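1. would you be able to build a 3D model of this:
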Amino acid sequence: MTSHLDRLLDIAGAPTEAPLVSGDSTALSGLLERRNGFYALESALHVFGEARARDWNETTLWRALYGDATRGHWFFAEDVFGGQFSVTADGVQAWDPETGESEPLANDLEGWAEVLLADYAFWTGQPLAREWQQTRGPLSEGFRLLPKVPFVLGGDYAVENLRAVDAVSAMRIRAGYAHALRNAPDGTRISISY
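-> You can find the predicted model right below:
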């Protein structure tokens, strides 16, 4: 029987990094030994290679801007909007960069792949990734689609509300949203500057 991770790898692109040497003992090592980083679902899903994940999880890159909201997360993938997937002591989580909040998805990577494949349009934004690329060309490696009006503030899930931004800059921008929204009562006016 084919596993859900096998199915995900079957639709994934080429590895984004050199093959990973066996022997690492992380929860992700089995996946990364098979394909060390990749894009899938028309670039809507980006699973980081081992070196990229190490860099991505450095506190000074963007995580420090979120304070304690990233504690305990090891981010290993992102959707087309830069929504993060992480491994924690409690399993795999979906982490929203606009709010800094997470929700449990699965106990392990196999369960994560099952959830993802069951509703990839929702979990990766694949339909908008396709529409964007059909009208504006391919997303460059390392770029994600940032909403002009944040989704958490009612921004539309529409190509007209999106712009391509390098992933690090997008995370830094959204850290400002998360701070502005933290403890803000409903109806508070939020100022957004890029």
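2. so for this protein, the centremost residue is which one?
-> Glu78 (1.5 Å; CA atoms, centre = their mean).
3. could I get the contacting residues of it?
-> 45-46, 48, 84-85, 144, 167 (CB atoms under 8 Å, 6 or more residues apart in numbering). In short, each C-beta sits where N, CA and C put it, glycine included.
4. cool, Glu131 as well?
-> Glu131 sits next to Val159 when contact means CB under 8 Å, 6+ apart.
5. which SS class is it?
-> helix (DSSP: H, G, I helix; E, B strand; the rest coil).
6. how near is it to Thr124?
-> Distance, Glu131 to Thr124, using CB to CB, to the nearest Å: 13 Å.
7. cool, and Ala69?
-> 22 Å.
8. and the two? which has more neighbours close in?
-> Neighbour totals were compared for Ala69 and Thr124, and Thr124 leads with 26 against 20 (other CB atoms under 10 Å).
9. just give the nearest non-adjacent residue to that one, would you?
-> Spatial nearest neighbour of Thr124, excluding adjacent residues (CB to CB, 6 or more residues apart in numbering): Ala44 at 3.9 Å.
10. pLDDT wise, what is that neighbour at?
-> On pLDDT, Ala44 comes in at 98.
11. I'd guessed it sits against Trp132; true?
-> No: Ala44 lies out of contact with Trp132 (CB atoms under 8 Å); the separation is 9.6 Å.
12. now do the helices in this structure.
-> 4-10, 29-34, 50-56, 109-118, 120-124, 126-136, 167-181 (DSSP state H).
13. now render those helices as TSV, adding distance to Thr16 and mean pLDDT.
-> Listed next are the helices of the chain as TSV, based on distance: least, CB to CB, whole Å; pLDDT from 0 to 100:
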stretch	distance to Thr16	mean pLDDT
helix 4-10	13	95
helix 29-34	11	87
helix 50-56	7	94
helix 109-118	18	97
helix 120-124	16	98
helix 126-136	17	96
helix 167-181	13	87
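14. pipe those into TSV and attach distance to Arg63 per row.
-> As requested, the helices of the chain are exported to TSV (distance: least, CB to CB, whole Å):
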stretch	distance to Arg63
helix 4-10	26
helix 29-34	20
helix 50-56	9
helix 109-118	21
helix 120-124	22
helix 126-136	25
helix 167-181	8
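15. closest to Ala158 out of those?
-> Checking the helices of the chain against Ala158 by CB to CB gives helix 126-136 as the closest, at 7.6 Å.
16. return the set of buried residues in that closest one.
-> 126-130, 132-133 (16 or more other CB atoms under 10 Å).
17. now those in a markdown table, with distance to Asn57?
-> Compiled in a markdown table, the buried residues of helix 126-136 are given as follows (distance: CB to CB, whole Å):
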| residue | distance to Asn57 |
| --- | --- |
| Gln126 | 25 |
| Pro127 | 29 |
| Leu128 | 26 |
| Ala129 | 24 |
| Arg130 | 29 |
| Trp132 | 27 |
| Gln133 | 28 |
